[in-house]
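*Asks:* Starting from these lines, generate the structure:
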Amino acid sequence: MSKKILRVDYNHDISIIGISSASRDYRLCWFINNHLPVKFIRIDDLLIYSDFGEESYHSCYKYSHENTENELYFLSNKSGNSYLVPEMKESDYFILSTESLLSEDQKELIQMLNKIDVVQTAYPIDPYSLKSKENLFFF
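*Replies:* Numbering: from 1, shown residues only. Have a look, this model is predicted:
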């Protein structure tokens, strides 16, 4: 009997920034909203099913830019004992842009995030190098 394998190619132009911080999600969002020209608003948690059928809920915040179709999402990586992106356990949070950011814009955003006291570090992540990138394509 022959096997059929379904391969999905994700061709979304997105940008991801990883953030390490010991702060809770709502507190870090408050700092980001006060230091950057964004206003993240809490939306429904992101529900992820693991390979073992377990559910995990990850806090999710959204900011829609007025003049463009670009949306930014602030996501928690850890929920209980599970991770949204298990291969990035050092990232506590992600900022995901639904459109690819220009290199200069991404660097500027990372610099502004790194100036926030409760942020230990912020850094760019290549979304196509992630094994569990399908967890990030929810929009």
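*Asks:* For this protein, which segments are assigned as helices?
*Replies:* Counting by DSSP state H, the chain has helices at residues 25-35, 103-114.
*Asks:* deepest of the ones you listed, which one?
*Replies:* helix 25-35 (a mean of 16; mean count of other CB atoms under 10 Å). All C-beta spots, glycine's among them, are computed from the backbone N, C-alpha and C.
*Asks:* pLDDT wise, what is residue 10 at?
*Replies:* According to the prediction, residue 10 has pLDDT 50.
*Asks:* Please apply the same query to the one 3 residues further on.
*Replies:* We note a pLDDT of 77 for residue 13 in this prediction.
*Asks:* count of residues packed around it?
*Replies:* Each residue near residue 13 was counted by other CB atoms under 10 Å, and the total is 10.
*Asks:* Ok, the one 5 residues further on next?
*Replies:* With neighbours defined by other CB under 10 Å, the count for residue 18 comes to 19.
*Asks:* which non-adjacent residue is nearest it?
*Replies:* Once flanking residues are discounted, residue 18 sits nearest to residue 91: 3.7 Å by CB to CB, 6 or more residues apart in numbering.
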